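[1] predicted structure and sequence below. I'll ask about it afterward.
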Amino acid sequence: MNPKYTRLSAIIITISLCMVSNSSFAASITVSAAASLTNAFNDIAKAYQQQYPQDKVLLNFGASGSLLQQMQNGAPVDVFASADQQTMDQAQVKNLVQAQDRVNFANNTLVLITPKKSAVTVRGLKDLQQSGIKHIALGNPAYTPAGRYAQAAMEQAQVWNKLQPKIVNVNNVRQALDYVANQSAEAGFVFGTDAAIMPDKVSVAATISTSKPISYPIAKTVASKEPAAANRFVRFIRSAKGQQILKRYGFQSAH
């Protein structure tokens with residue numbers, strides 16, 4: 001056989017083996033994450049894909065409770081990141097995630113916001129009772145962690161029942177932010193990291209105390225068809241690079 005053809009065949013075989021080898025590690029993973037993680041996770045996904053170019057990350061954002069319902073209804077999800085422990089607890093009870101796979105990766109704060117150009121002075125929860133506050137944007141407590149944290153704080157301050165007529169339930173924390181930013185509501189509750197992305201449109205009137213720290217858990221799902229890649233993504237979130245991106249958006253370390 002002609003040595004030239006022999007060498008060419010060897011090269012073709014080597015290239016083919018490399019292609020097979022690379023494709024065997026390729027994975028596409030769907031990450032369902034709390035709406036408050038939108039900006040940070042978009043950047044994290046880009047950084048992750050630069051480090052692991054064989055993987056593709058598909059992001060799905062929404063209220064933590066809504067994402068849980070999607071998974072219950074069979075939506076294909078590889079990684080779940082919630083804005084509270086309660087929703088992840090429910091995911092664990094329903095066998096959507098396992099205890100050994102969940103880890104905390106970030107902390108946040110709850111804040112009361114008003115439009116940047118507000119004619120009403122608000123410094124705390126009791127100020128929401130004044131007549132100038134007609135609409136309070138709140139993520140529906142049935143689905144959104146921020147809504148649950150805010151409801152608990154208002155109940156603690158004994159203003160929840162009085163403020164009921166003013167409450168405008170919205171789908172998630174980012175929608176609450178939008179309501180206040182475009183002045184459809186005179187006040188609203190969001191996470192500190194949400195308020196930070198619109199400093200020109202909203203002001204933080206007060207940081208609201210919560211009975212427990214606002215910590216974010218993340219976990220590979222039981223139904224993941226790409227468990228290796230899902231674990232890789234979770235590790236990246238907790239790595240120095242992932243934590244640096246989260247910090248840039250105002251999240252606090254959970255370590």
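    Arrived safely. Residues are numbered from 1 along each chain as shown.

[2] in the protein, which strand is the longest?
    Ranked by number of residues, the top strand in the chain under DSSP state E is strand 97-108.

[3] what pairs with the next helix-or-strand element following it, parallel or antiparallel?
    Per DSSP states H and E, the first helix or strand lying C-terminal to strand 97-108 is strand 110-115. Paired neighbours of strand 110-115 in the sheet (DSSP bridges): strand 187-191 (antiparallel), strand 202-208 (antiparallel).

[4] ranking these by burial, who's on top?
    strand 187-191 (a mean of 30; mean count of other CB atoms under 10 Å). (Each C-beta comes from the backbone N, C-alpha and C, glycine too.)

[5] that one versus strand 97-108: what angle between them?
    Strand 187-191 and strand 97-108 are oriented at 120 degrees to each other (axes from the mean of the first three to the mean of the last three CA atoms, to 10 degrees).

[6] show the subsequent helix or strand relative to strand 187-191.
    Following strand 187-191 in sequence, per DSSP H and E, is helix 192-195.

[7] can you show me the CA trace of that following helix as PDB?
    Taking C-alpha atoms only, helix 192-195 is exported to PDB below (Å, rounded to 0.1, in the frame of the first residue of the first chain):
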ATOM      1  CA  GLY A 192     -31.700  43.500  47.000                       C
ATOM      2  CA  THR A 193     -30.100  42.200  43.900                       C
ATOM      3  CA  ASP A 194     -33.200  43.000  41.900                       C
ATOM      4  CA  ALA A 195     -33.300  46.600  43.000                       C
END
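
[8] quick one, what contacts residue 96?
    68, 71-72, 80, 221-223 (CB atoms under 8 Å, 6 or more residues apart in numbering).

[9] so which of the strands paired with strand 110-115 gets nearest residue 76?
    strand 187-191 (27.3 Å; CB to CB).

[10] coming back round to it: now for the longest strand of the chain, which elements pack on it?
    Here strand 97-108 touches helix 85-93, strand 214-221, helix 227-238, helix 240-248, going by 3 or more CB pairs under 8 Å, 6 or more residues apart in numbering; DSSP states H and E.

[11] out of those, which is the most enclosed?
    For these, the largest average neighbour count (mean count of other CB under 10 Å) is found in strand 214-221, namely a mean of 23.

[12] helices or strands up against it?
    strand 79-81, helix 85-93, strand 97-108, helix 227-238.

[13] so how far is the second one from its chain's centroid?
    Mean-position distance between helix 85-93 and its chain equals 15 Å (CA atoms, centre = their mean, to the nearest Å).

[14] domain map for the chain?
    3-107+216-248, 108-208 (automatic domain parsing).

[15] could the ones you listed go into TSV alongside mean pLDDT and distance to residue 254?
    Below are the domains of the chain laid out as TSV (pLDDT from 0 to 100; distance: least, CB to CB, whole Å):
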stretch	mean pLDDT	distance to residue 254
domain 3-107+216-248	88	4
domain 108-208	96	10
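
[16] most neighbours per residue, which of the ones you listed?
    Buried most deeply of the domains of the chain, by mean count of other CB under 10 Å, is domain 108-208, with a mean of 20.

[17] distance from that one to the middle of the chain?
    19 Å.

[18] how about the closest residue to residue 196 other than its chain neighbours, phi and psi?
    Once flanking residues are discounted, residue 196 sits nearest to residue 250: 4.6 Å by CB to CB, 6 or more residues apart in numbering. With angles defined as degrees, to the nearest 10, residue 250 sits at phi 100, psi 0.
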